[in-house]
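> Mind folding the following:
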Amino acid sequence: MKNIGMDKDSMRKATSRIVRPLLLWYRENKRSLPWREAPSPYHTWISEIMLQQTRIEAVKEYYRRFLTRLPAISDLAEITEDELLKLWEGLGYYSRARNLKKAAIRVEEEYDGELPADFEQLRSLPGIGNYTAGAIASIAYGLPEPAVDGNVLRVLMRYLNRDDDVMSGKLRSEVEDCLREVMRQAFCGGTDSYIEEEKTGPGEKAEENPAGDFTQALMELGEVICLPNGEPLCEKCPLREECLGREAGRAAELPVRKKKTVRTVEKRTILRLRDPDGRVAIRRRPDSGLLAGMWELPSVDGHRKKNEIPSVVGELTGSEDPTGPVRKMDKARHIFSHREWDMVGYEMELPPRDMVGMVWASPQDLEEKFALPTAFSAFVRHL
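Predicted structure coming up:
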């Protein structure tokens, strides 16, 4: 029998029981991560945006490089878009980087260069939704605001043994409201106050930011213990004695999510046009839509045959059918969130002349100046 829904009071009481064991576990087991070394509002913001849809290990070096180049919000507000996208190259979802710059400009103009210590004001900034606003508010400012992502939903649906669809916006709002109330009760002197119950010995003190630690503890539990796509590590979980999903023997089958929409597969032909000096022709994509405003290798819809390439290149470059050898390259595939590119590629040498809408870029230019999406990496890897 499915267990869907739970009254607010029962949910709050059950959830309030995770606060103490989770915080104690986190204190002893938290990983050392670069953004935890100095959790300023700016650092927290950058790390949380980078971590969206991206693995922690992949983010570490990007995070260090980003803050070395842009150590303050004012630097982010002033950087050119091309240089910003180059810093972001490889992380994907480039709208995140553009929104960072837009938000930095707003923070400079409206908040004297400091991210506001207010959940609603944070939410009003470009690219910041409930999750990121909650993370900044709790981790950087110690406010009792939750940050609910997939990890947190998975932990709570297993802990509460609930079959609700975790893709539901209604459920996410319900969980946010519940956690906000639990955090306020626990960390702001309510009747269930964790602070009131905290005992400290000689020379010890309670955590300075229990709200931020609780937010990170929930994330951490979902990342290293309450794992997705398989058996959670229940024997290592600090919540195992209270977990209703474990008690029912159902933890591995939770959470429930609706079947994903089938991706649209698009066939594309990628063209690596080179001049005798080894430069390649690149162009900007349109300002809206997929990979908006990014640099790319020229491409056309469909899978074209080798003998078609000269006329295709002629149409793209605005010239008569160019002559020269055409070399077929390896196929490649790239998956976006809701679509997939099935790509074939061809290389052709052209004379070094101006072409409308395109620029010639050397391998060094591609390394240092122009950001190409990872969708094209298979076709520029050996330049």
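> so how far does stretch 7-25 reach from one end to the other?
End-to-end distance for stretch 7-25: 28 Å, by Cα to Cα, to the nearest Å.
> Over to stretch 152-165?
End-to-end distance of stretch 152-165 (Cα to Cα): 14 Å.
> same check, this time on stretch 44-58
Start to finish, the residues bounding stretch 44-58 are 17 Å apart (Cα to Cα).
> buried stuff in it?
Under the neighbour-count criterion of 16 or more other Cβ atoms under 10 Å, stretch 44-58 has 44-51, 54 buried. Any C-beta I mention is one placed from the backbone N, CA and C, and that applies to glycine too.
> List the buried residues of the helix or strand harbouring L221.
Using DSSP states H and E, L221 sits in helix 210-224. For helix 210-224, the neighbour count (16+ other Cβ under 10 Å) marks 210-222 as buried.
> for stretch 290-301, same thing?
Under 16+ other Cβ under 10 Å, the buried positions of stretch 290-301 are 291, 293-300.
> again, but for stretch 79-97
Buried residues in stretch 79-97, defined by neighbour count with 16+ other Cβ under 10 Å: 79, 84-89, 91-92, 94, 96-97.
> Report the two of the residues you listed separated the most.
The span of the buried residues of stretch 79-97, defined through Cβ to Cβ, is set by I79 and G92 at 19.1 Å.
> Centroid-nearest residue for this structure?
Nearest residue to the geometric centre of the chain (Cα atoms, centre = their mean): Q52, 1.5 Å.
> starting at the chain centroid, how far to the helix or strand K13 falls within?
When elements are assigned from DSSP H and E, K13 belongs to helix 8-16. Centroid separation for helix 8-16 versus its chain: 30 Å, with Cα atoms, centre = their mean, to the nearest Å.
> list the helices and strands it packs on?
On a contact count with 3 or more Cβ pairs under 8 Å, 6 or more residues apart in numbering; DSSP states H and E, helix 8-16 meets helix 150-159, helix 169-187.
> how far off helix 8-16 does the last one point, in degrees?
This points to helix 169-187. Per axes from the mean of the first three to the mean of the last three Cα atoms, to 10 degrees, the angle that helix 169-187 makes with helix 8-16 is 60 degrees.
> How about the contacts made by G142?
When contacts are counted by Cβ atoms under 8 Å, 6 or more residues apart in numbering, G142 touches 208-212.
> The residue nearest to it when sequence neighbours are not counted - how many residues pack around it?
Closest residue in space to G142, ignoring its immediate chain neighbours: N209 at 4.5 Å, by Cβ to Cβ, 6 or more residues apart in numbering. Using other Cβ atoms under 10 Å, the number of residues around N209 comes to 17.
> cool, and T261?
Using other Cβ under 10 Å, T261 has 8 neighbouring residues.
> My reading is that it lies in a strand. Confirm?
No. Applying DSSP: H, G, I helix; E, B strand; the rest coil, one finds T261 to be coil, outside a strand.
> Offset the numbering so it begins at 37, please.
Okay, using 37 as the starting number, the last item reads as T297.
> Nearest spatial neighbour of it, chain-adjacent residues omitted?
Leaving out its chain neighbours, the residue that sits closest to T297 by Cβ to Cβ, 6+ apart is H374, at 6.6 Å.
> Tell me if I'm right that that neighbour and T300 touch.
Yes. Applying Cβ atoms under 8 Å as the test, H374 and T300 come out as touching, 6.8 Å apart.
> Good, we can wrap up now.
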